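Trainee: pasting the sequence and the predicted coordinates here, then a few questions.
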Amino acid sequence: MRVDRRLLFLIGIIALLALFVDGFAYIYRAATNQPLTGKIRGIPTLNIGFLGFSQQIYVHKGLDLQGGTHLELEITNVRSGTPVREARDIAVQIVERRVNSSGYAESVVRPEGDNRILVELPGVNLEQAKQILGKTSYLTIYEWVPGTPDANILKELNPTDANKYQGFKPQFTNIDGSMITSASRSTDPNTNLPDVQFSFNNTGNDRFCNLTRDRVSHPQGTPENKIAIFIDKDLVEDANVQSEICGGTGIITGGFTPASAQALAVQLNSGALPGTITLVSSTEVGATLGASTVKLSLLAGAFGLAIVILFMLLYYRLPGVVASVALLLYAAIALAIFKIFGVTLTLAGLAGFILSVGMAVDANVLIFERVKEELRAGRTLGASMEAGVRRAWPAIRDSNISTLITCFVLYFFGRRRPHEVIG
């Protein structure tokens with residue numbers, strides 16, 4: 001039997017890459033001077049500069065494995081003239097931005113049916129989830145024009161400034177939060193205090209540029225020289241305009257703490273929802289339960305794998321050794337794929353992975369039995385192996401096609417709404 005050395009070399013390269021990916025967390029720990037056991041700090045990221053490659057390498061755990069909150073939201077009271085599905089899609093984008101801005105990169109936000117949204121937040125309890133999803137801040141920018149002052153707004157200014165504003169009122173400039181494309185917390189290099197930077201879209205940039213160009217023409221420190229930034233209905237900044245600003249960005253200062261600056265950035269990123277979002281149902285999974293589930297599942301998987309390998313070694317001897325090595329490589333490659341492509345591993349997925357390891361032996365068993373038949377017929381070992389693979393292939397192919405069809409059907413029905421009845 002002729003051995004294809006190029007194929008063996010390729011298999012060896014793939015196996016080494018898989019083992020590297022599987023053990024990358026330990027390499028990351030060593031590189032960052034962390035203990036090899038215990039909770040890891042940061043996210044292991046593989047950077048290959050000359051290839052422009054950067055990828056986070058770790059197992060994405062589902063709610064049932066690491067704990068967290070599952071929410072089902074419903075959007076109602078949709079703005080007039082907006083189709084329900086369009087409003088749902090807009091709401092999905094807003095909720096996703098809000099969640100990601102809060103630092104929960106492993107979250108899942110997806111539409112469900114015509115007007116519902118499913119949200120999964122790993123490592124977040126129910127109260128935290130409600131806070132993340134519950135509030136949206138809306139930014140508006142005003143200019144000061146002659147008129148009767150608003151007493152409530154004057155109360156928000158310090159007494160010295162309040163006297164300057166007698167005879168002035170804020171007038172909306174048609175610049176608002178809907179024109180913000182992004183917002184983030186930053187630090188003022190002069191004061192070393194937290195602030196919030198934001199960027200406008202083209203419309204907002206043009207309007208802000210014209211506004212600041214007009215304001216800078218007035219004497220510094222006068223009401224006509226200032227612009228007022230409101231969050232919801234609260235005045236958060238009344239800023240002097242020292243030059244026209246046409247770069248499409250702005251900065252909000254105002255005595256923020258790091259936490260309040262981050263919260264404001266998240267809320268500005270959220271935008272205005274196209275309707276009312278109502279919490280329909282929620283499920284919270286404790287982190288302790290998730291950790292216990294992972295431990296027991298891995299123990300069951302290791303025990304099952306050991307039994308399969310022991311059976312192959314005792315029953316098939318040397319071919320069993322080859323099959324066992326192939327089985328371990330299969331497990332290593334599958335785990336590496338999970339890490340590289342960010343597959344979210346749930347309890348059901350973990351059970352399926354463990355089951356697939358056992359099923360992977362089927363092909364070896366079929367081939368070995370065919371080889372034994374050929375050997376009994378008097379053929380040489382090389383001829384028997386070639387004939388065994390050729391004769392076993394149709395059964396291996398058909399069984400895997402059947403498995404793929406079943407997986408497709410399960411995936412299709414799993415994507416549908418759980419309470420929908422199929423007739």
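Mentor: Alright, I've got the coordinates.

Trainee: could you use CA atoms for every contact and neighbour count after this?
Mentor: Fine.

Trainee: select the longest helix from this protein.
Mentor: helix 381-414 (DSSP state H).

Trainee: low-confidence stretches in the stretch 201-350 of the chain?
Mentor: 232-233, 254-255, 266-274, 287-291 (pLDDT under 70).

Trainee: surely residue 242 forms part of a helix?
Mentor: No - applying DSSP: H, G, I helix; E, B strand; the rest coil, one finds residue 242 to be coil, outside a helix.

Trainee: the closest residue to residue 294 other than its chain neighbours and residue 76, how far apart?
Mentor: Nearest non-adjacent residue to residue 294, counting by C-alpha to C-alpha, 6 or more residues apart in numbering: residue 65, 5.9 Å away. Plainly put, residue 65 is 32 Å away from residue 76 if you go by C-alpha to C-alpha, to the nearest Å.

Trainee: ditto for residue 98
Mentor: 19 Å.

Trainee: how about the strands in the stretch 151-300 of the chain?
Mentor: Listed in chain order, the strands of the stretch 151-300 of the chain (DSSP state E, counting those that start in this stretch) span 168-176, 180-187, 194-200, 226-231, 234-240, 249-252, 276-285.

Trainee: secondary structure class for the residue of the chain positioned farthest from its centre?
Mentor: Most distant from the centre of the chain: residue 378, at 58.7 Å, with distances by C-alpha atoms, centre = their mean. Here residue 378 is recorded as coil under three-state DSSP.

Trainee: give me the pLDDT for it.
Mentor: Model confidence at residue 378, given as pLDDT, is 83.

Trainee: neighbours of the nearest residue to residue 62 once chain neighbours are set aside, how many?
Mentor: The shortest distance from residue 62 to any non-neighbouring residue, by C-alpha to C-alpha, 6+ apart, is to residue 346 (4.6 Å). Other residues lying near residue 346 total 18 when counted by other C-alpha atoms under 10 Å.

Trainee: cool, residue 257 as well?
Mentor: 12.

Trainee: right, and it touches residue 194 too?
Mentor: Yes - counting by C-alpha atoms under 8 Å, residue 194 is a contact partner of residue 257 at 6.2 Å.

Trainee: mind checking how far the residue nearest to residue 62 is from residue 59?
Mentor: 10 Å.

Trainee: go on, residue 261?
Mentor: Taking C-alpha to C-alpha, one finds residue 261 at 31 Å from residue 59.

Trainee: circling back: spit out the contact partners of the residue nearest to residue 62.
Mentor: 61-65 (C-alpha atoms under 8 Å, 6 or more residues apart in numbering).

Trainee: switch to 7 Å and redo it
Mentor: By C-alpha atoms under 7 Å, 6 or more residues apart in numbering, residue 346 lies in contact with 61-62, 64-65.

Trainee: show me where this structure has helices.
Mentor: Under DSSP H, the chain gives helices at 5-22, 24-31, 63-66, 84-101, 126-134, 151-155, 159-164, 202-215, 258-270, 287-316, 318-340, 347-359, 361-376, 381-414.

Trainee: mind giving me the domain ranges of the protein?
Mentor: Following automatic domain parsing, one finds the domains of the chain at 5-60+287-414, 68-136+273-285, 139-270.

Trainee: any idea how far residue 396 is from residue 33?
Mentor: 47 Å.

Trainee: repeat that for residue 377.
Mentor: 22 Å.

Trainee: again, but for residue 87
Mentor: 48 Å.

Trainee: who's more crowded, the two?
Mentor: residue 87 (19 against 16).

Trainee: wait, residue 320 touches residue 310, no?
Mentor: No - taking C-alpha atoms under 7 Å as the definition, residue 320 is not a contact partner of residue 310, at 8.7 Å.

Trainee: rewinding a little: which one of residue 261 and residue 59 has more residues nearby?
Mentor: residue 261 (24 against 19).

Trainee: how about the more buried one, what does it touch?
Mentor: Neighbours of residue 261 in contact, by C-alpha under 7 Å, 6+ apart: 185, 194-196.

Trainee: if we go to 6 Å?
Mentor: Going by C-alpha atoms under 6 Å, 6 or more residues apart in numbering, residue 261 touches residue 185.

Trainee: please tell me how far it sits from residue 142.
Mentor: Using C-alpha to C-alpha, residue 261 is found at 21 Å from residue 142.

Trainee: for stretch 363-380, C-alpha coordinates in PDB please.
Mentor: Extracted as PDB, the C-alpha positions of stretch 363-380 are listed here (Å, rounded to 0.1, in the frame of the first residue of the first chain):
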ATOM      1  CA  ALA A 363     -15.800   4.900  10.400                       C
ATOM      2  CA  ASN A 364     -12.800   3.200  11.900                       C
ATOM      3  CA  VAL A 365     -14.900   0.200  13.000                       C
ATOM      4  CA  LEU A 366     -16.400  -0.200   9.600                       C
ATOM      5  CA  ILE A 367     -13.000   0.000   7.900                       C
ATOM      6  CA  PHE A 368     -11.400  -2.400  10.300                       C
ATOM      7  CA  GLU A 369     -14.100  -5.000   9.900                       C
ATOM      8  CA  ARG A 370     -13.900  -4.800   6.100                       C
ATOM      9  CA  VAL A 371     -10.100  -5.100   6.400                       C
ATOM     10  CA  LYS A 372     -10.500  -8.300   8.500                       C
ATOM     11  CA  GLU A 373     -12.800  -9.800   5.900                       C
ATOM     12  CA  GLU A 374     -10.200  -9.100   3.200                       C
ATOM     13  CA  LEU A 375      -7.400 -10.700   5.300                       C
ATOM     14  CA  ARG A 376      -9.500 -13.800   5.800                       C
ATOM     15  CA  ALA A 377      -9.900 -14.000   2.000                       C
ATOM     16  CA  GLY A 378      -6.100 -14.300   1.700                       C
ATOM     17  CA  ARG A 379      -5.100 -10.800   0.600                       C
ATOM     18  CA  THR A 380      -2.000  -9.000   1.700                       C
END
